[in-house]
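>>> build me a structure from this.
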Amino acid sequence: MLDSTTLNYILGIIALGSVVFTIWGKVSKPQEAIEIKQALTDKDLVNKASLLAQKELETKALVLAEQVKNKDIENERRFNEMGVRLDTAMTTAQNHIHTVDVKVDALITTTNAMNLNIMKLQTVIEERLPYINK
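Have a look, this model is predicted:
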């Protein structure tokens with residue numbers, strides 16, 4: 001069999017191997033745990049960044065929706081104001097047209113009266129001064 005020195009060497013090598021593997025296990029396990037933690041933290045950060053980006057997009061969408069709503073309200077107000085102005089302009093135009101019609105009718109009446117007076121005057125002149133027409 002084996003003598004005691006060889007056996008001591010073999011047991012020493014086994015003990016040394018055990019110590020090396022134990023140290024390796026103690027060193028590598030925490031490193032693996034740290035890497036797993038880091039990977040989970042990175043994944044969590046990516047998820048949080050995605051949630052943050054989604055919240056930011058939702059906030060921008062809400063702001064844009066509010067701006068569109070305000071623009072719609074502003075445009076509605078402007079269209080109503082334009083309608084009121086157009087109605088006022090049409091009323092003013094109708095009033096001016098009516099005033100012009102009344103003045104034209106008065107002018108026609110006055111012109112007709114003047115023509116009638118001129119005709120009467122011409123008739124009177126012809127009757128009193130018959131030799132002027134000859």
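>>> so what's V104 up against?
By C-beta atoms under 8 Å, 6 or more residues apart in numbering, the contact set of V104 is empty. Glycine gets a C-beta too; all of them are placed from N, C-alpha and C.
>>> assign it to helix, strand or coil.
helix (DSSP: H, G, I helix; E, B strand; the rest coil).
>>> let me know the pLDDT of it.
Looking at V104, its pLDDT reads 95.
>>> try L2
What the model reports as pLDDT for L2 is 63.
>>> and the one 3 residues further on, by the same measure?
Among the per-residue scores, T5 holds a pLDDT of 84.
>>> could you tell me how many residues sit around it?
By other C-beta atoms under 10 Å, 8 other residues sit near T5.
>>> do N47 as well
10.
>>> then N8?
Applying other C-beta under 10 Å, we find 11 residues neighbouring N8.
>>> how much space separates it from A15?
10 Å (C-beta to C-beta, to the nearest Å).
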